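> no FASTA, just this:
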């Protein structure tokens with residue numbers, strides 16, 4: 001297994017870029033689940049159902065082009081109290097994309113979501129792109145990447161990795177997309193159950 005597909009960002013890495021949001025400190029045992037790449041016409045409504053059944057909220061970093069195609073689902077995300085983040089209009093990597101094209105893509109995503117929080121697709125961002133984006137956005141990364149989108153990571157491994165590394169204030173990345181036959185739908189119910197047993201609550205980034 002490629003360990004980079006499942007990773008916990010060490011504190012010393014986070015300290016190098018303190019102007020990026022890696023986690024959200026709090027004294028309430030609050031953690032922050034986040035979902036990238038949606039809204040998806042099949043997966044996102046079922047993710048929302050599971051969240052509602054477990055009295056949990058999350059922050060959805062939406063792709064503008066997917067919002068355009070799924071406006072009703074996007075409105076449901078917001079109406080149920082979840083947070084919205086900007087993931088760009090299209091899923092562009094900051095590595096190998098010109099600054100101009102990358103910034104335009106982020107701004108186009110903002111025009112649709114209106115969110116001040118931007119998460120770079122793949123977590124790939126050049127230094128010049130970072131400085132430009134921070135003139136308008138707060139950049140949100142994560143401290144736990146669970147690898148739910150990878151075929152060589154099982155549902156059980158994904159859940160256990162999160163449980164092994166979760167701590168108060170953690171931002172966890174998951175995906176409300178069609179990766180791996182909607183594997184997230186089998187991961188989310190037991191994950192929420194176990195996190196609730198550990199007395200964590202579920203916050204929205206920026207609230």
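That came through fine. Predicted model, so just to flag it, every value in this text is computed and none were measured.
> excluding its backbone neighbours, what's nearest residue 77?
residue 60 (5.1 Å; CB to CB, 6 or more residues apart in numbering). C-beta here means a position set from N, CA and C on the backbone, and glycine is covered the same way.
> and the one you found, how many neighbours does it have?
Neighbour count of residue 60, defined by other CB atoms under 10 Å: 28.
> hang on, it in a strand?
Yes: according to DSSP: H, G, I helix; E, B strand; the rest coil, residue 60 belongs to a strand.
> need the contact list for it.
Neighbour list for residue 60: 34, 35, 38, 39, 44, 77, 82, 83, 84, 85, 176 [criterion: CB atoms under 8 Å, 6 or more residues apart in numbering].
> could you rerun that using 7 Å?
With contacts defined as CB atoms under 7 Å, 6 or more residues apart in numbering, the neighbours of residue 60 are 35, 38, 77, 82, 83, 84, 85, 176.
> what's the third one in contact with, if anything?
When contacts are counted by CB under 7 Å, 6+ apart, residue 77 touches 39, 48, 60, 84.
> quick one: the second one from residue 172, how far?
The reference is to residue 48. 17 Å (CB to CB, to the nearest Å).
> I'd like the average pLDDT over the biggest strand by length in the chain.
When the chain is scanned for its longest strand (criterion: DSSP state E), the result is strand 30-36. Strand 30-36 carries an average pLDDT of 98.
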